[in-house]
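S.K.: Sharing a sequence plus its predicted fold:
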Amino acid sequence: MEIIDRYFDDHPKMSKQHRKETCQVFGLLIDHTVAILPSLTAAQLKGDALPLENVLFRSFAVALAYGTISFRDDGVPIEEKGLFWRTRSARRAFRLLSVLDTFFDHLGKMGVTPEWLERYKGTTSSSEAFRATAHLAVRRSKSLLAHLKQYMDAEDGKPPHPFTGVVRSPGRSTPKTYSFPARWVPAFLLEGFTNERGETDETAQLIAFFLFYGGLRTSESFHLFCSDVQFVGQTPAVYLHHPEEGLLQYGAELITRKDYLQHFQKTSRTMNDGRDEAGWKSVRNDDEGDPIYWLPVGGLKDLLGKLLKRYLRVIRPALMMRRPARLGDHPFLFVSSGRTGTVNGGDVGDLYTPAAFRSAWKAAVKRIARRYPESGLKYGKRFGTSPHGARHFYGRFLRTLGISGDIIQVCMHHKHPDSHLRYVELSPDEVNAILKKAAANDNDPSASIDNPIAAARKEFVADFHGETYGVWSSSGGSHHSGRGRRSRAR
């Protein structure tokens, strides 16, 4: 509807997920209102006992959280509303109601008028259902979660009215975090992105290096410009900038990246709603540029430097040469290859998309699982093998070095001093290992805390420096002899 379009237009920075949830819960509310209005009595419609908005919103909150299907004593399901909704978790229901609250707050500020409601005669079309619920929410400023908020704020802790706590706040909790299995990181980086024909997806491989070795969020790589990559000797220096407000040198002046992109008839990827869209979370000093801090692993800087130079000097130019001239150039570092360039109507040299990277990452996990069945690798967040698992690997690696929290905060580009804590948590197995060591009293207590993760770090480093991959620091000679690798510009 036009009113939702206006709501989104008034909030251009709203995330894609928030927009999606707004549309979802908005549709659910309409469906529920259409289903319930015909069953309301004349007294309920007039609000003789309870205000009509209380009846509608309480019923909606209950249905959203607990579903609309009930069961008879003999186990036969009953559905009186015809919605067939299943139960949702308290966290999910609370989130959807919060999103709808925000929407109705905006309607109130827009000055939605209720004159038509005085003539309401019980029609139950979707448009009438929306008008009814929207008006009722604005008319008395009733938040869908007002009962919950009042309950939380009440001094005596007692419900302020009969239907408090229909959907109780799930509270704040720290979800479990899963790191990519350290033992298989070298194989994943050096073999995972090379297919059975010996062809390597250099773009996806480089982004994977950035995630593991630099601790980047997945979305951050998609905003990098070629000019963000510099070299100090053989060592790559890469800087993160805000996609819109980050500054860069253009001629004799500093301009924002948003203005710079206009020279290429392009907009920031945060403003793109299509396949090129990429999100952005707050990063320290992202207006002037915040450097990526590489893990202190001998030989990895040299290897990454070689891969980056090859990509900038050979791979990317070759891809852009194949790009149709009518499409023009752009400053983004990572571009689509010939293999993925024609997917979904794209062209060679287009911006490399998050969807293409996720596909390449999943294929790499499956490839390593096939080559090394003993790895037991499966793709999934709960296995630590999603792209974000690489960032957890990075944070845990830093912890094993005994680095203080304020330094880890800087390395991970967090603005809040506590944000890094979830990335350095111990797993249940690691906690049990600590308890066993403490019980045996066979080590210094402070050292025993670090040992469980440190063992994984040492295994990772040993595998990189072992005979299989032979990645050594330049001071001791450096070469790379990955099995079956052959890079090819496409």
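M.R.: All right, it came through fine.
S.K.: C-alpha from now on. contacts and neighbour counts both.
M.R.: Noted.
S.K.: which parts of the biggest strand by length in the chain are buried?
M.R.: Secondary structure assigned by DSSP state E gives strand 235-240 as the longest strand of the chain. For strand 235-240, a neighbour-count test (16 or more other Cα atoms under 10 Å) marks 236-240 as buried.
S.K.: Remind me what it packs against, helices and strands.
M.R.: Secondary-structure packing of strand 235-240 (3 or more Cα pairs under 8 Å, 6 or more residues apart in numbering; DSSP states H and E): strand 229-232, strand 290-291, helix 300-310.
S.K.: Need the ones you listed in JSON lines (columns: distance to residue 394 and mean pLDDT).
M.R.: As requested, the helices and strands packed on strand 235-240 are exported to JSON lines (distance: least, Cα to Cα, whole Å; pLDDT from 0 to 100):
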{"stretch": "strand 229-232", "distance to residue 394": "21", "mean pLDDT": "92"}
{"stretch": "strand 290-291", "distance to residue 394": "15", "mean pLDDT": "92"}
{"stretch": "helix 300-310", "distance to residue 394": "14", "mean pLDDT": "93"}
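S.K.: Let me have the ones you listed in a markdown table, extended by mean neighbour count.
M.R.: As requested, those are exported to a markdown table (neighbours: other Cα atoms under 10 Å):
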| stretch | mean neighbour count |
| --- | --- |
| strand 229-232 | 13 |
| strand 290-291 | 19 |
| helix 300-310 | 19 |
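S.K.: For residue 15, which of those is the nearest?
M.R.: strand 290-291 (23.4 Å; Cα to Cα).
S.K.: Indicate each strand paired with the closest one and its parallel or antiparallel sense.
M.R.: Looking at strand 290-291 with DSSP bridges, its partner strands are strand 235-240 (antiparallel).
S.K.: CA atoms of the partner strand as PDB?
M.R.: The C-alpha coordinates for strand 235-240 follow below in PDB (Å, rounded to 0.1, in the frame of the first residue of the first chain):
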ATOM      1  CA  THR A 235      52.900  -6.200   3.000                       C
ATOM      2  CA  PRO A 236      49.300  -5.300   2.000                       C
ATOM      3  CA  ALA A 237      47.700  -2.500   3.900                       C
ATOM      4  CA  VAL A 238      43.900  -2.400   3.500                       C
ATOM      5  CA  TYR A 239      41.500   0.200   5.000                       C
ATOM      6  CA  LEU A 240      37.800   0.100   5.700                       C
END
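S.K.: Contacts for it, please.
M.R.: With contacts defined as Cα atoms under 8 Å, 6 or more residues apart in numbering, strand 235-240 is touched by 220, 224, 228-231, 283, 286, 289-292, 301-302, 304-305, 308.
S.K.: all helices for the stretch 1-150 of the chain, in order.
M.R.: Counting by DSSP state H, counting those that start in this stretch, the segments of the stretch 1-150 of the chain that form helices are 2-9, 16-36, 42-46, 52-66, 90-110, 126-139, 146-153.
S.K.: got any ranges where the stretch 101-250 of the chain has weak pLDDT?
M.R.: 107-108, 110-177 (pLDDT under 70).
S.K.: State the distance from residue 392 to residue 400.
M.R.: With distances taken as Cα to Cα, to the nearest Å, residue 392 is found 12 Å from residue 400.
S.K.: do residue 367 as well
M.R.: Taking Cα to Cα, one finds residue 367 at 29 Å from residue 400.
S.K.: Over to residue 294?
M.R.: Taken as Cα to Cα, the span from residue 294 to residue 400 is 15 Å.
S.K.: Kindly report the same for residue 409.
M.R.: Per Cα to Cα, residue 409 is found 15 Å from residue 400.
S.K.: Please apply the same query to residue 77.
M.R.: When residue 77 is compared with residue 400 (using Cα to Cα), they lie 54 Å apart.
S.K.: Ramachandran coordinates for residue 377?
M.R.: phi -70, psi 130 (degrees, to the nearest 10).
S.K.: what number of residues lie near the nearest residue to residue 256 once chain neighbours are set aside?
M.R.: Nearest non-adjacent residue to residue 256, counting by Cα to Cα, 6 or more residues apart in numbering: residue 247, 4.6 Å away. A total of 21 residues lie near residue 247 under the criterion other Cα atoms under 10 Å.
S.K.: Lovely, talk soon.
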